[in-house]
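1. The amino acid sequence is not available; the structure is as follows:
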Ligand SMILES: Nc1nc2c([nH]c(=O)n2[C@@H]2O[C@H](COP(=O)(O)OP(=O)(O)OP(=O)(O)O)[C@@H](O)[C@H]2O)c(=O)[nH]1
């Protein structure tokens, strides 16, 4: 029997004035994914996790007000073979800067209707971006 382990995360959709979606690439990874991460024991709720992760990864200030839950989505994990990522995904507004920090090596803005040749993690490519296009 194959045991599939789950990684539970909270992930963000942040859009610019043109509707493009902010994506990040972790150090050493080849694929782009949504900013976000795993809950810490101290986190009060999903939005607390998200605000903490967004500040750590990008230096930005997330606004809790207006946050919109897009759903719970899952896909094979981008960086951990044999794992499935299960994500609570929220569309949120945040005030920049949006610059790579901590384990994030690069950031980019992607048109969800035309992601082009970018290598995008399956959760984003198959579940999140198509709902935003
Ligand atoms: N944050 C995030 N993780 C994703 C996405 N898609 C996806 O497959 N994952 C997988 O879920 C894992 C979550 O790890 P993470 O590194 O973002 O979480 P974290 O910041 O809390 O990590 P750490 O506490 O291990 O440092 C990623 O390594 C990746 O394999 C996504 O869109 N966003």
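-> Structure received. Everything numeric in this text was worked out from a predicted model, so none of it was measured.

2. ok, the closest residue to residue 30 other than its chain neighbours - contacts?
-> Leaving aside its chain neighbours, residue 30 sits nearest to residue 119 (5.5 Å; criterion: C-beta to C-beta, 6 or more residues apart in numbering). To be clear about C-beta, it is placed using only N, CA and C from the backbone, and glycine gets the same treatment. If you count contacts by C-beta atoms under 8 Å, 6 or more residues apart in numbering, residue 119 has them with 30-32.

3. Please tell me how far residue 119 sits from residue 23.
-> 11 Å (C-beta to C-beta, to the nearest Å).

4. same thing with residue 96?
-> 15 Å.

5. Going by proximity to the ligand, name the top residue of this structure.
-> Closest to the ligand within the chain is residue 37: 2.9 Å, counting by C-beta to the nearest ligand atom.

6. Next one: the spatially closest residue to that residue that is not a sequence neighbour from residue 36, what distance?
-> With sequence-adjacent residues excluded and distances taken as C-beta to C-beta, 6+ apart, residue 37 is closest to residue 53, at 4.2 Å. Residue 53 is 5 Å from residue 36, where distance means C-beta to C-beta.

7. which residues do the two both contact?
-> Joint contacts of residue 53 and residue 36 (C-beta under 8 Å, 6+ apart) are 10, 12.

8. before we move on, the earlier item: A PyMOL selection for the contacts of residue 119, restricted to the buried ones, would help me check which they are.
-> To isolate the buried ones among the contacts of residue 119 in PyMOL, judged by 16 or more other C-beta atoms under 10 Å, type:
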select buried, resi 31+32
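
9. Among the contacts of residue 119, show me the least confident.
-> The member of the contacts of residue 119 with the lowest pLDDT is residue 30, at 95.

10. Kind regards, and thank you for your time.
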